[in-house]
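Peer 1: task: produce atomic coordinates for the following.
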Amino acid sequence: MDYFGRYGPYYVYLLGPDSEQSVRHIYHQRALTRINPDARLGSLEEQTQEFLNRPNIVNEIRSVLSGMAEGGLTWTQDPPILYEDVTTNAHGREKDPVENTWGALHEYHHVFQIAHCDTKQERTSEKNINSWISEGMATYSSAKFMENLGLSDFEDYMLQLRTSGANIGRPSINEFLRKSSNWQLNDEGYWDTGEFAQVYYMLGAWATAYLIHVLNIEEEIVLRDWYYDIPHLGKSAAFRKHMGLSLNEFYRKFDAFIRQADSVVMQIFEGQTGDT
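Peer 2: This next block holds a predicted model:
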């Protein structure tokens, strides 16, 4: 929070199927946090039931009780503003403080990002950010902060994204690039194809690394400061102002860089490469 600032309220929920009564109580509490005192929106009871009857919430509760593993950040776009990290049936995280810390760092970066974007607009719009920026920068920052806490090896993690997919998924960056020669970092269609993990999270993290370690832009600017200008300048102008090049120029340079061998790209962490 010292790095990104305080935004919230921010709630973290780890849910399992053992007690339906507890699950339904938690969802009732979630409804209460969303109550808007504006009487025109309905009474407390009416607003509570409106939330609990939403199709996505009904499906969420059903998923929790059936044992499905899901998770991610959700937030409100109208007052009262709040953020929730909701994870269901993540048995591997139940007694794993390291993985829980990693997840919390990743999701809190999203809280910061959302606070400075208009998420009602498309990710391709000037007032919102592309998926590679959202997921890639959060993937990079959480890995870097984990190393700062002495809980991971950042460079090894970045290499694993290329070779095995690390804790994101399969296939790895290298395997994805061998099969997908025409991929584009700013294409929002990968959510539909199932290749979002490789493009938005993994390649997005490496795109973030390229900005910091190849273009030599200060980490705080890349991970934090340029976001402050998005609401009034727009994404493209804010990026150019702080990164020193247009998004299209960046895409072209990064595409040439990331296709190189592991031994070459890893040199950026040793300060042995210049602008490609």
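
Peer 1: longest single helix anywhere in this structure?
Peer 2: Scanning the chain for the helix with the most residues, using DSSP state H, yields helix 97-115.

Peer 1: residue ranges with poor pLDDT in the chain?
Peer 2: 1, 39, 90-94, 271-276 (pLDDT under 70).

Peer 1: starting at the chain centroid, how far to the longest helix of the chain?
Peer 2: In terms of CA atoms, centre = their mean, to the nearest Å, the centre of helix 97-115 is set 8 Å apart from its chain centre.

Peer 1: show me which residues of it are buried.
Peer 2: 100-103, 105-115 (16 or more other CB atoms under 10 Å). (Each C-beta comes from the backbone N, C-alpha and C, glycine too.)

Peer 1: other SSEs contacting the following helix or strand past it?
Peer 2: Sequence-wise, the next helix or strand downstream of helix 97-115 (DSSP states H and E) is helix 131. The helices and strands touching helix 131, judged by 3 or more CB pairs under 8 Å, 6 or more residues apart in numbering; DSSP states H and E, number zero.

Peer 1: host element of the closest residue to Asp262 other than its chain neighbours?
Peer 2: Leaving aside its chain neighbours, Asp262 sits nearest to Arg162 (5.6 Å; criterion: CB to CB, 6 or more residues apart in numbering). Counting by DSSP H and E, the element that carries Arg162 is helix 154-163.

Peer 1: remind me what that helix packs against, helices and strands.
Peer 2: Packing partners of helix 154-163 (3+ CB pairs under 8 Å, 6+ apart): helix 137-148, helix 173-179, helix 204-209, helix 262-265.

Peer 1: domain assignment for this protein?
Peer 2: Domain ranges of the chain: 10-95, 121-270, per automatic domain parsing.

Peer 1: tell me how far the last one is from the chain's mean position?
Peer 2: Going back to what we said before, that points to domain 121-270. 11 Å.

Peer 1: one more: the shortest one?
Peer 2: When distances are taken as CA atoms, centre = their mean, domain 10-95 is centred 20 Å away from the chain's centroid.

Peer 1: sec struct for Val12, please.
Peer 2: Using DSSP: H, G, I helix; E, B strand; the rest coil, the structure places Val12 in strand.

Peer 1: that one: neighbour count?
Peer 2: Close neighbours of Val12, defined as other CB atoms under 10 Å, add up to 14.

Peer 1: mind checking how far it is from Phe257?
Peer 2: From Val12 across to Phe257, the span is 36 Å (CB to CB, to the nearest Å).
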